[in-house]
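Asker: model the structure of this input:
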Amino acid sequence: MENSRIVIDGVGLGCAEVARVAREEIPVTVGPAGLERARRAWRVAAEVVAVQPVYGRTTGVGANRLVNVEWDPEDTEHGLHLLRSHAAGAGPLLGHEVARAMLTVRLNQLAAGGSGVDPGVLGALADTLNLGLVPPVPAYGAIGTGDLTALASTALCLLGERAWLTSADEGARPGPGFALKSSDALAFISSNAATLGEAALAVTDLRTLLAASTVVAALSLHAVHGSLEPYAPVVHEACPHPGQQQVAAAMRALLAWERPTPGRIQDPYGYRAFPQVHGPAVDTVGHAEATITREINAAAENPLVDVAGHTVWHNGNFHTAYVGLALDAARAAVFQTAALSAARLGTLVEPTFTGLHPFQAATDVSSGIMILEYVAHSAIGDVRRLATPAALGSAVLSRGVEEHAGFSTQSARATTEAVAGYRIALACELVAAVRALRMQGRPPSGGPLREAHDLAAEVLDPRVEDRPLDADIATAADLLTRLSVGGRPPTPPAPGR
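Answerer: As a prediction, this is how the structure comes out:
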């Protein structure tokens, strides 16, 4: 990124940058190296297709791969038939952010070289992003072996047969166009860019929520007079999983300003086993992000145009089993740590842990925050449902020629939905932790945990009488992104300070 503009070069795009383009509408520009890679692949594709059969260029697609098509560099009809027939998705349209993420990923993939698509497409896609336009893309149509319906719809927008959509709900309008040749039709749509774009957004959100969860858990531990003993370095050196060690270190740093007298010899699992449960979520989401990053910077094209070897290779890189399995694992791990958040919430309504009335109520007969547990478990129920592995499904398509699918598209969508449930569960815990500390008159002593507490206390309603808590939950949910910064607090003070 340079001067608030993200350079798309085919090799260095990260999930967080995809999210910035998709959500903040940061301008993009195509890097010269990426444009040159695309140009060289385009030239080699044209030369190779003149002397040998190439799938999708001189043949039909799917089970029609054995049907020969007479290659003509000026022909447009064959490609149009392909695009029109494949632009047949169904259901609600993808959200504006997901559609922008798809365009960003496909632009970067084309800049990686290997597709053989006319390099002029790169400029058209960049212009589309910079104008804030997206194609109308129905949600249903892909199963992890290529987002054919989504990208066929995009191609028809480039050809002017369909109108682009705006971000301001102004409806459809014309936009940048490009005359795709027939030989480029399959090459343009043979990609998982929509799936990868949504996956990039989801893992970016999960990383933020996992960091925020550590801060919220530290606030809860302080509110219940918890012990710091479970986070001691020697404990995690004895069982050195990377995520576990990272979480324990973050908790030590957040709580370094406190000198608590533990309320009990051993805390419940929500505190005592937090590194061991939250750590796997950190590790699996990190693995998922690395997997998705690798894919969005890959020339995962079929056929792959090999510039160095001056040939093409028919292959299976269109299959995103790695992505689907990584996201499936991430959701399972996130459910585990979300359930632990609900367990901590359970301690925050108990007088034996907080020293307050039951449910942190104003009186013994008031309900206080009783309903927060119901809301949290309702949200976590969805996270649990969504944790079912999408990879357990498969499909046989196109007259038996395409006999497997990993459903990574469904895995990405489930991960997006799981993010929403996890966010609500954490928000409920945050409301309860801050309310307990406020009623106890025990804000954290200092450091990043005090900063997080004060940030939350400033915007959360201080009233403790029985009242609707929906606004509190919404405020806390919006606050989590800002709290996530506290996951990497400054150096704590020396002991005894």
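
Asker: strands along the stretch 201-350 of the chain, start to end?
Answerer: 304-306, 311-313 (DSSP state E, counting those that start in this stretch).

Asker: nearest to Thr388, out of the ones you listed?
Answerer: For Thr388, the closest of these is strand 304-306, at 33.5 Å, according to CB to CB. In this view, the C-beta of every residue, glycine as well, is placed from N, C-alpha and C.

Asker: who does that closest one pair up with?
Answerer: The pairing partners recorded for strand 304-306 under DSSP bridges are strand 311-313 (antiparallel).

Asker: what are the contacting residues of the partner strand?
Answerer: 44-45, 48, 52, 54, 116, 303-306 (CB atoms under 8 Å, 6 or more residues apart in numbering).

Asker: can you turn the buried part of the residues you listed into a PyMOL selection?
Answerer: Selection of the buried residues among those in PyMOL, burial being defined by 16 or more other CB atoms under 10 Å:
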select buried, resi 44+45+48+54+116+303+304+305+306
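
Asker: so what's Asn302 closest to, chain neighbours aside?
Answerer: Counting by CB to CB, 6 or more residues apart in numbering, Asn302 lies nearest to Phe318, which is 5.0 Å off, once chain neighbours are set aside.

Asker: ok, now Ala185?
Answerer: Spatial nearest neighbour of Ala185, chain neighbours left out: Gly79 (3.3 Å); criterion: CB to CB, 6+ apart.

Asker: right, and that neighbour touches Ser183 too?
Answerer: Yes - proximity of Gly79 to Ser183 meets the contact threshold set by CB atoms under 8 Å, at 7.0 Å.

Asker: for the closest residue to Ala45 other than its chain neighbours, grab phi and psi.
Answerer: Closest residue in space to Ala45, ignoring its immediate chain neighbours: Gly116 at 2.9 Å, by CB to CB, 6+ apart. Per-residue torsions, Gly116: phi 80, psi 10 (degrees, to the nearest 10).

Asker: got the phi and psi for the closest residue to Thr154 other than its chain neighbours?
Answerer: Leaving out its chain neighbours, the residue that sits closest to Thr154 by CB to CB, 6+ apart is Pro135, at 4.3 Å. Backbone torsions of Pro135, given as degrees, to the nearest 10, read phi -80, psi 160.

Asker: how near is Pro135 to Val431?
Answerer: 40 Å (CB to CB, to the nearest Å).

Asker: same check on Pro268?
Answerer: 20 Å.

Asker: hmm, who's touching the helix or strand of the chain with the lowest mean pLDDT?
Answerer: Least confident helix or strand, the chain: strand 172-173 with a mean of 73, by mean pLDDT, DSSP states H and E. For strand 172-173, contacts defined as CB under 8 Å, 6+ apart pick out 133, 136, 163-166.

Asker: and the following helix or strand past it, how far out from the chain's middle?
Answerer: For strand 172-173, the succeeding helix or strand toward the C-terminus, using DSSP states H and E, is helix 182-189. The gap between where helix 182-189 is centred and where its chain is centred comes out at 28 Å by CA atoms, centre = their mean, to the nearest Å.

Asker: same check on stretch 381-389?
Answerer: With CA atoms, centre = their mean, you get 16 Å for stretch 381-389.
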